[in-house]
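A.B. asks: this one's sequence-less:
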Ligand code: FEO
């Protein structure tokens, strides 16, 4: 049986993951609007992944006989100054998620919840990847600067990331 404190924290994490999905979907729409379909595709795959993260916590909570309570999802930001600004928001958001996962892990330690500690190992590793990927893309966009041909080529490369829901992350 899961403690009430942990049940509440996991429900919050489910909401944060679904918010992430919604946020990245808004970014995907922004990319479509500025004629970067490859980035849009990449962000949509990212949105699908966040849904999977939310579902993973959802399944974990049910498997532990916890109660899933789905809350409303906040409205995400949908406008950005540039593609660089958008990816800086991605990195900032992933840092926020990392902080939330770490806090959840601290709670799991405090409450002696061993299954949650094990489950969170995957998420802790995933956050290292997520932050690294965002940083790498920011670096590439900065290198490109105002060169539209290079941005066009990067957009084509971004389109190579999976085409269907639940594709794996880079
Ligand atoms: Fe589910 Fe991008 O963290």
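C.D. replies: Perfect, thanks for sending it. Predicted model, so just to flag it, every value in this text is computed and none were measured.

A.B. asks: What residues does this protein have near the ligand?
C.D. replies: Applying C-beta under 6 Å from any ligand atom, we find that the chain lies next to the ligand at 17, 20, 50, 53, 94, 97, 130. To be clear about C-beta, it is placed using only N, CA and C from the backbone, and glycine gets the same treatment.

A.B. asks: Ignoring the adjacent residues along the chain, who's closest to the second one?
C.D. replies: In this structure, residue 20 finds its nearest non-sequential neighbour in residue 50, 4.0 Å apart by C-beta to C-beta, 6 or more residues apart in numbering.

A.B. asks: Next up, phi/psi of the residue in the chain that the ligand sits nearest to, please.
C.D. replies: Closest residue of the chain to the ligand, C-beta to the nearest ligand atom: residue 53 (3.7 Å). Per-residue torsions, residue 53: phi -60, psi -50 (degrees, to the nearest 10).

A.B. asks: now swap in residue 59 and tell me
C.D. replies: Dihedral angles phi and psi of residue 59 (degrees, to the nearest 10) take the values phi -70, psi -40.

A.B. asks: And it, how far from residue 52?
C.D. replies: Noted for residue 59: a distance of 10 Å to residue 52, by C-beta to C-beta, to the nearest Å.

A.B. asks: The two: which is more packed in?
C.D. replies: residue 52 (15 against 12; other C-beta atoms under 10 Å).

A.B. asks: mind listing what's buried in whichever strand or helix holds that one?
C.D. replies: Secondary structure assignment for residue 52, by DSSP states H and E: helix 37-63. For helix 37-63, the neighbour count (16 or more other C-beta atoms under 10 Å) marks 38-51, 53-54, 56-58, 60-61 as buried.
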